[in-house]
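Visitor: sequence first, predicted coordinates after that:
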Amino acid sequence: MRMWRWLLAIVIGAWLPLLLVWWWWTASAESTNPFFPPLELIWTRFQELWLFAEWPTHVLPSLRNLAFGYAIGVVVGVGGGALLGSSRTASRYVEPVVDFLRSIPPVATVPVFIIFFGLDASMRIAAIAVAATFPILISTIQGVRATDPTLLATASVFRLSPSQTLWRVRLPAAMPIVFSGLQVGLQIAFVVTIASEYLGSGFGIGAFTLIAADSFLILDAWTGVLLMGLLGYAIATAFDIVERISLRWYFGQKKLA
Amino acid sequence: MTIEISIRNVCMEFPGADGVKHVLDNISYDVQEHHFVSIVGPSGVGKTTLLRLLTGLMPPTSGEIHVSGQRISGPPKGLAVVLQDYTRSLMPWLTVEKNIALTLRKQKLGRANMRERIESSLEEVGLAGTGKSYPWQLSGGMQQRASIARALATRPDILVMDEPFASVDAQTRFDLEDLVLKVRDDFGITTVMVTHDIDEAVYLSDEIVVLHGKPAQVRDVVTVDIPFPRSQMATRNNPHFAELRTHVYAMVRGLE
């Protein structure tokens, strides 16, 4: 029964993408326009490049930058957000600065990071980390601040210490809100991962795609775009799974309510 | 009899948009050790405010509260609470046993003792074997049992309950009332309960404190001289039970 529902969900979710791929495939089959090559050719080239010959040179560096940068963003965002969210005084001092910094479009910061870090991976990781930090920080502050007063009263009467209250009550209670920030942060981190490779890099999916397009290797550029789409989708799906598992209590409770 | 909780000339004022709101006016009352005391009064009179002062969640504007001979300046040691809204008082991300374990962290019990404490507490409230469930997987009555178990696990001298049975159905309410009486006997706990249910107050209490007025004052202290053990059928049919509830009702409504 569950199995069938699962299959049904996949069919419902997959028919439109399949239809679009089929339409792209047939509509482009006879194309002689050099900028819009047949999907069949793109797919053949995609297999040559990305299954998995070029992974070590282009995909793995990008994913490594994303992983390090995002991890830093999560630690700083959740840790800083927890502290700022639970201390009115601290947030009063820091918030104007946070509001200013987060208003700067993340991609625009890349040139500044080049000044500080040069053109190697540390620059990219720093830019990704900063971009990911702000949505995570903001949502953690909001989540921690919104802790149910009844939970806090309970923690207080049972004489939990301030740090126990923060890490064992406020932060777990905030997790559903924190996760929405983690999701936005991941999307932005992925964008900055690609964008940071547009400057001064020969490696990475972004760099590959840009160089291919500049060199009129249109087929290669198309495979790069396709790969970014697939990777982005895979990352988002993995995130959903992690969220479902981490917030099982939250979804379980909502389903019963 | 020793005095467990002493409330001395307590006044409470809240600053508001339209001036200071005077909620409690010169409240004095002593809770005897091992007694079951109910605080009743019309809604909005300040029962819960008094309870928050007793639990040390906020300080009174003036006056003093002593618990076990010590003047309190925050939540005192040896005091546990059961609140009305169990869905927001038990941590939904922790299983029942981890909820209990969280409040035992301060006591540094060691693994085996901790296990034993959790299991015996769950057994005491009739929840043996549900420790691995999440609170929200249990019925309302069972969740309230779980919060009673959590309170008991800390081995409190004083149990403070804020309308503990207001959100459960009538049948469950009777069961839980008998449970808290049993718990009081088994552990010799001093219990203070806020309730708006006068029958419940009479059924459970040694003494009932009636708050009335704006700002609230202690209008009456009613001694419930119905012997223990009490039973839902016999006690509630006792003519004296009817007299007492009529008296308390009249006091709460300001009719006497």
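Guide: Yes, it's here. Numbering: from 1, shown residues only, chains lettered A, B, ... in the order given.
Visitor: OK, contacts around B:Val221?
Guide: B:Tyr29, B:Glu207, B:Ile208, B:Val209, B:Val210 (C-beta atoms under 8 Å, 6 or more residues apart in numbering or on different chains). C-beta here means a position set from N, CA and C on the backbone, and glycine is covered the same way.
Visitor: other SSEs contacting the one helix or strand B:Thr191 maps to?
Guide: B:Thr191 is part of strand B:190-194, with elements assigned from DSSP states H and E. Packing contacts for strand B:190-194, counted by 3 or more C-beta pairs under 8 Å, 6 or more residues apart in numbering or on different chains; DSSP states H and E, involve strand B:3-16, strand B:19-32, strand B:36-40, helix B:47-54, strand B:158-162, helix B:170-187.
Visitor: out of these, which gets nearest to B:Glu200?
Guide: The closest of the helices and strands packed on strand B:190-194 to B:Glu200 is helix B:170-187. By C-beta to C-beta, the value is 6.3 Å.
Visitor: next, the angle from that closest one to strand B:36-40.
Guide: Taking axes from the mean of the first three to the mean of the last three C-alpha atoms, to 10 degrees, helix B:170-187 and strand B:36-40 form an angle of 140 degrees between their directions.
Visitor: helix or strand right after the strand holding B:Thr191?
Guide: For strand B:190-194, the following helix or strand on the C-terminal side (DSSP H and E) is helix B:198-204.
Visitor: from the chain's centroid, how far away is that next one?
Guide: 13 Å (C-alpha atoms, centre = their mean, to the nearest Å).
Visitor: residues touching that helix, excluding its own?
Guide: B:36, B:38, B:40, B:165, B:173, B:177, B:180-181, B:193, B:195, B:208, B:224, B:226, B:230, B:232, B:235-236, B:241, B:244-245, B:248-249, B:252.
Visitor: show me which of those are buried.
Guide: The neighbour-count criterion (16 or more other C-beta atoms under 10 Å in any protein chain shown) marks B:36, B:38, B:40, B:165, B:173, B:177, B:180-181, B:193, B:195, B:208, B:224, B:226, B:230, B:235, B:241, B:244-245, B:248-249, B:252 among those as buried.
Visitor: average pLDDT across the strand or helix carrying B:Ile208?
Guide: Using DSSP H and E, B:Ile208 falls within strand B:207-212. Per-residue pLDDT values over strand B:207-212 give a mean of 94.
Visitor: quick one: the next helix or strand after that strand to strand B:207-212, angle?
Guide: Per DSSP H and E, the first helix or strand lying C-terminal to strand B:207-212 is strand B:217-223. Relative orientation of strand B:217-223 versus strand B:207-212 (the same axes, to 10 degrees): 160 degrees.
Visitor: now strand B:217-223, how far from the centre of its chain.
Guide: On C-alpha atoms, centre = their mean, the centre of strand B:217-223 falls 17 Å from the chain's centre.
Visitor: quick one: average confidence on that strand?
Guide: Averaged across strand B:217-223, the pLDDT comes to 91.
Visitor: ok, now which ones touch B:Gly188?
Guide: If you count contacts by C-beta under 8 Å, 6+ apart, then B:Gly188 has B:His34 around it.
Visitor: next, A:Thr32: phi, psi?
Guide: Backbone geometry at A:Thr32, expressed as degrees, to the nearest 10, gives phi -110, psi 0.
Visitor: skipping its backbone neighbours, what lies nearest B:Gly213 in space?
Guide: Nearest non-adjacent residue to B:Gly213, counting by C-beta to C-beta, 6 or more residues apart in numbering or on different chains: B:Arg219, 7.0 Å away.
Visitor: that neighbour against B:Leu211, yeah?
Guide: Yes - counting by C-beta atoms under 8 Å, B:Arg219 touches B:Leu211, with 6.6 Å between them.
Visitor: and residue 10, how many neighbours?
Guide: Unless you meant another one, I'm taking chain A. By other C-beta atoms under 10 Å in any protein chain shown, 10 other residues sit near A:Ile10.
Visitor: wrong chain, I was asking about chain B
Guide: 22.
Visitor: double-check it against B:Ile27; I have them as touching.
Guide: Yes - assessed by C-beta under 8 Å, B:Val10 is found in contact with B:Ile27 at 4.5 Å.
Visitor: common neighbours of the two, please.
Guide: With C-beta under 8 Å, 6+ apart as the test, B:Val10 and B:Ile27 both reach B:Leu50, B:Gly63.
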